[in-house]
Structure formats: C-alpha cells, structure tokens
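Trainee: Structure here, sequence nowhere to be found:
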C-alpha cells in the first residue's frame, strides 16, 4: 500500500508540468494619457481572454527609458513584445533588438518609420492615419462652407501620427471643394491639453484671425476650448475639432462645445495587438498592417459612440 501511495504521488507530480504555461507578453507603453490608458486596458483585457499575462512598462515619454525597458523584456525571455513607441524614429533600433532575440514584435497605435521594411515576425496594429485627419478636416470644411482660416494644433512631431494627421489637413485644404480654407498658423502641442490651452491663449493674445481650430487629438482640442472660454471668446458656433473620441471629448460634444472628433478604437487596437502577438507566438500568419478603422463622430451620431472609448 505504501509503495502504491508513493507511486501515485510521483505520478501526480509528473502530471503538473504537462499543464500549459501561460504566454508572457511585454507591453512597452510610451506614456499613459487618456487615450493610451484605454489602449493599455484593452490590452490587459485581451490578455485575460487569451490566457496570457501582460507585463506593462510605462516609459513616461522617455526614449532611453523605453529602450531599456524593452532590453529588460528581452532578457526576461518574454514570449512576445508589444510596443507603443515614444519616438517612431527609434523603431528601427527596437525592431533589430527584438528580432535579433527571435521574439515576436507588435507595434501598436504609432506607425514605425521602418514599416515598409518590417521583417517576418513583426506586425503593426493601428488605424490608418491617412483617414483620421482627412475626414476630420473635410467635416470642418463642410461646417465652414469651404472657406475660412484654420489654426492647427499638432501632436509631437517625433510621432508619425502627428506628421500624417497634419499632412492630411494640408492635403484637404488643397482640394477644390476646400480651397477656400487657409492654414494661418500651426504649433506643436505635444498631444497635451495644457499645452493646447497655452498655445491657444497665445494665439488669442496675438490677435490672429481664425474661423476654426483643428487639433491632432482631443486633448489639445479641449485645451483650446478651455482657453477660448477663459478669454470669453467662446460662442456656441465656435468650431474646434479633435481626434480619438475620448470620454472627455464626447462629453464636450454632448454639451455643444467640441464640434468634430474621429473615433479611434483604443481598446480595439490593444486587443488587436494581443491577438497578433498570440498568432505570431504560434507561428500563425499575421498581416503586416492590421487596420482598426477610424470613424467620423459629429453631434448627429454622437450617441453611437458613448462608452466605446
């Protein structure tokens, strides 16, 4: 009987290692502003769904810190790494580091500058930035009946999304139906609400004439609205446009302030990044670019987007 019990114990311990080990995914975040926090949470939720553990590192918008965090993930031999890059110009170095370690890599939300040269085992999950600033500015053009002066608040220009969204605005202004629009000034607000407010305050102090403010994201747009209200220059017909459809932006639109935003599915991007990472871990095919579509949001269709971001 004693021998039987010992044999049973040995057999049961041998069975333990046969249980599937959860995949470990490293998530390197540039920072955690309103939008990126929603993206991070979407990643964590998707990790639970796939039975994977997600280790989150926040670079605090520091490129050097993010590179160090990624090196640590490589040293820990994580099964895959998801990167929301601080500076998209640093992505060739990140791609080489992770690929040399033979670890699947997924960029999320911010397009790597080496996108066209991404090797096998690397994917990019985001929304097509050629759409975001385009539909945003086309709607502003419609509200202005095709003519007026624009002020542009740009995100960090080290970020491909800021450069593309700004180029979208410039491209729309060149189209025949919107050729009456003119960009009178553009400033870098670094995606930040306070910086957007400060820039708008300076514009108001300078006396620049404008008909609409077009911002690369909602945070800067909300900052511009705050500045207009503080200077008593806000009217119900004031036109300010953003991108992302964050909860604060939708709340602003609901009370009649923000006139235009573009829904960018933050949680969907996070979930898509985890799904792509899991496929790459299992050597399954993944598109180089996994597109999570942008959608125009106006006061007319606002209710459709409540609670989505």
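Mentor: Yep, it's here. What you are looking at is a predicted structure, and each value in this text was computed from that prediction instead of being measured.
Trainee: And the next helix or strand past the helix or strand harbouring residue 106?
Mentor: Using DSSP states H and E, residue 106 sits in strand 105-108. Scanning forward in sequence from strand 105-108 by DSSP H and E, the next helix or strand is strand 122-126.
Trainee: Give me the distance from that following strand to the chain's centre.
Mentor: 12 Å (Cα atoms, centre = their mean, to the nearest Å).
Trainee: got it, and stretch 145-160?
Mentor: 18 Å.
Trainee: And it, end to end?
Mentor: One end of stretch 145-160 sits 30 Å from the other (Cα to Cα, to the nearest Å).
Trainee: Show me the protein divided up by domain.
Mentor: Following automatic domain parsing, one finds the domains of the chain at 16-127+265-292, 129-263.
Trainee: could you dump those domains to TSV with mean pLDDT, distance to residue 298 and mean neighbour count?
Mentor: For every residue, glycine as well, the C-beta is placed using N, CA and C. Shown next, in TSV, are the domains of the chain (pLDDT from 0 to 100; distance: least, Cβ to Cβ, whole Å; neighbours: other Cβ atoms under 10 Å):
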stretch	mean pLDDT	distance to residue 298	mean neighbour count
domain 16-127+265-292	94	17	19
domain 129-263	97	6	20
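Trainee: what would those domains look like in TSV with distance to residue 306?
Mentor: Shown next, in TSV, are those (distance: least, Cβ to Cβ, whole Å):
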stretch	distance to residue 306
domain 16-127+265-292	14
domain 129-263	6
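Trainee: any idea how far residue 88 lies from residue 238?
Mentor: 33 Å (Cβ to Cβ, to the nearest Å).
Trainee: do residue 178 as well
Mentor: Counting by Cβ to Cβ, the gap from residue 178 to residue 238 is 19 Å.
Trainee: Who are the packing partners of the strand or helix carrying residue 172?
Mentor: Assigned by DSSP H and E, residue 172 falls within helix 160-173. Applying 3 or more Cβ pairs under 8 Å, 6 or more residues apart in numbering; DSSP states H and E, we find helix 160-173 packed against helix 129-143, strand 147-154, strand 180-188.
Trainee: Check which helices and strands the strand holding residue 106 is in contact with.
Mentor: strand 80-83, helix 91-100, strand 122-126, helix 266-281.
Trainee: Residue 218 is nearest to which of those?
Mentor: Across the helices and strands packed on strand 105-108, the minimum distance to residue 218, taken as Cβ to Cβ, is reached by helix 266-281, at 11.3 Å.
Trainee: who does the helix or strand following that closest one pair up with?
Mentor: The helix or strand immediately downstream of helix 266-281 is strand 289-291, counting by DSSP H and E. Strand pairing for strand 289-291, determined by DSSP bridges: strand 122-126 (parallel).
Trainee: Can you pull out the residues in contact with the partner strand?
Mentor: 95, 98-99, 104-112, 115, 118, 269, 272-273, 276, 280, 286-292 (Cβ atoms under 8 Å, 6 or more residues apart in numbering).
Trainee: thought residue 252 was touching residue 225?
Mentor: Yes - here residue 252 reaches residue 225: they are 6.6 Å apart, a contact under Cβ atoms under 8 Å.
Trainee: so what sits against both of these two?
Mentor: With Cβ under 8 Å, 6+ apart as the test, residue 252 and residue 225 both reach residue 258.
Trainee: between the domains of the chain, which one is nearest to residue 300?
Mentor: Of all these, domain 129-263 comes closest under Cβ to Cβ, at 10.4 Å.
Trainee: the inter-axis angle of the helix or strand hosting residue 196 versus strand 180-188?
Mentor: Assigned by DSSP H and E, residue 196 belongs to helix 193-206. Angle between the axes of helix 193-206 and strand 180-188 is 120 degrees (criterion: axes from the mean of the first three to the mean of the last three Cα atoms, to 10 degrees).
Trainee: same for helix 193-206, what does it pack against?
Mentor: Using 3+ Cβ pairs under 8 Å, 6+ apart, helix 193-206 sits against strand 147-154, strand 180-188, helix 218-230.
Trainee: between these, which one is nearest to residue 247?
Mentor: Judging the helices and strands packed on helix 193-206 by Cβ to Cβ, what sits closest to residue 247 is helix 218-230, at 9.5 Å.
Trainee: still on that earlier bit, quick one, which of the helices and strands packed on strand 105-108 gets closest to residue 186.
Mentor: strand 122-126 (23.1 Å).
Trainee: and the gap between the nearest residue to residue 89 once chain neighbours are set aside and residue 101?
Mentor: Nearest residue to residue 89, sequence neighbours excluded (Cβ to Cβ, 6 or more residues apart in numbering): residue 113, at 5.6 Å. Distance, residue 113 to residue 101, by Cβ to Cβ: 21 Å.
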